[in-house]
Each structure stands twice: as C-alpha cells, then as structure tokens.
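Asks: this one's structure only:
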C-alpha cells in the first residue's frame with residue numbers, strides 16, 4: 001500500500017540523496033533493499049549518492065509526471081502507441097559506456113608504467129608516514145603522496161587496518 005502512496009507524493013526539491021528520495025517516495029521499508037542495490041552497483045553510500053546523479057531518468061519521470069509510477073505508466077502508454085505493443089523499459093542507471101574498467105583506465109592513462117604506476121604486484125603492507133604512503137610488495141617498497149587501491153574491498157580493508165587512527169587526509173571508513 002505504501003508503494004501506491006507514491007502516486008500522491010510530490011517530488012522533493014533540490015538534489016536529495018538516494019536514501020532520502022526512496023524514504024520520501026516509498027517509505028523506510030525499502031531502504032535496506034535499495035542500499036544493497038546501490039552498494040553493489042556503485043560501491044556507494046545511499047546517504048551520500050544523489051538520486052539525480054545516479055538515476056537522472058527516474059528523476060525526470062518523477063518531475064514530469066509528479067510521481068514516478070505515473071511517469072512510468074505514461075511512458076508505457078506512449079511506447080505502446082509508438083510501437084504498438086512495446087514493453088515498458090525502466091530508465092537506465094548511469095555507468096561508463098565500457099563498464100567500470102573505464103574508470104581506472106582513465107585515471108591511469110597519463111601515468112608511466114613502472115614509475116608512477118605499479119601493476120601486477122601484490123601489496124603486502126601499507127603504511128602512512130607524514131605526507132607519504134609506503135606500499136611494500138613481495139619485491140620492493142614504493143612511496144607516493146597519493147595512493148589508489150584497485151582491489152576488492154575486503155583486501156583493501158585488510159591492508160588499511162593497521163593505519164589507526166586515520167590521518168586527516170585519509171578518506172576511508174574504519175570498520176570495527
């Protein structure tokens with residue numbers, strides 16, 4: 001019933017977070033499911049990602065029709081008229097045209113392999129001393145002012161766990 005109540009909720013002004021938008025449109029019961037989707041899709045936090053940045057098509061439908069469901073029904077009717085029986089398609093989520101690999105590729109395209117960029121070497125430990133990061137691999141230790149980890153989150157957390165407390169310039173969440 002709460003989902004049908006979405007038909008009578010006006011669009012939120014500004015750029016609400018995904019969590020605030022879902023809570024407003026559909027109620028708090030859906031938040032754990034939406035959080036799982038956005039954590040898995042964007043490795044992002046629903047309380048920080050804005051709905052406008054990750055699902056602009058959804059926001060467009062909502063603003064145009066006053067309700068997401070009304071917007072979807074309107075779009076479905078228009079598509080059926082245009083295609084004579086066309087099916088409803090949900091607005092696409094935003095991602096890179098060539099998938100998530102495009103982000104690290106773009107970040108590294110101007111870096112020199114072997115000097116500013118180290119790949120295919122297993123990090124054993126990470127330390128932060130002053131303004132520098134030190135990464136020890138099986139073969140040598142590298143230092144850098146900035147560090148980007150491109151590995152699964154559990155491996156990254158294991159490497160970062162000894163860094164306590166995090167320095168002010170470190171942007172990661174410390175898990176218990």
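Replies: On my side now, so go ahead. Treat the numbers as computed from the prediction; the structure is a model and nothing was measured. Numbers count the residues shown, from 1 in each chain.
Asks: can you tell me the helix or strand for residue 135?
Replies: Per DSSP states H and E: residue 135 is located in strand 132-137.
Asks: do the same with residue 78
Replies: Using DSSP H and E, residue 78 falls in helix 68-83.
Asks: Give me the buried positions along that helix.
Replies: 68-72, 75 (16 or more other Cβ atoms under 10 Å). For every residue, glycine as well, the C-beta is placed using N, CA and C.
Asks: what about the residue lying closest to residue 113 once chain neighbours are set aside, which SS state?
Replies: Once flanking residues are discounted, residue 113 sits nearest to residue 119: 7.0 Å by Cβ to Cβ, 6 or more residues apart in numbering. Secondary structure, DSSP: H, G, I helix; E, B strand; the rest coil: residue 119 is coil.
Asks: Can you report how many residues neighbour residue 119?
Replies: A count of neighbours around residue 119, defined by other Cβ atoms under 10 Å, yields 10.
Asks: And it, how far from residue 151?
Replies: As judged by Cβ to Cβ, to the nearest Å, residue 119 and residue 151 stand 11 Å apart.
Asks: cool, residue 34 as well?
Replies: 26 Å.
Asks: if you count what's nearby, which of these two comes out ahead?
Replies: residue 34 (16 against 11).
Asks: contacting residues around the most centrally placed residue in the chain?
Replies: The centre of the chain sits closest to residue 42, judged by Cα atoms, centre = their mean, with a distance of 2.6 Å. By Cβ atoms under 8 Å, 6 or more residues apart in numbering, the residues touching residue 42 are 49, 54.
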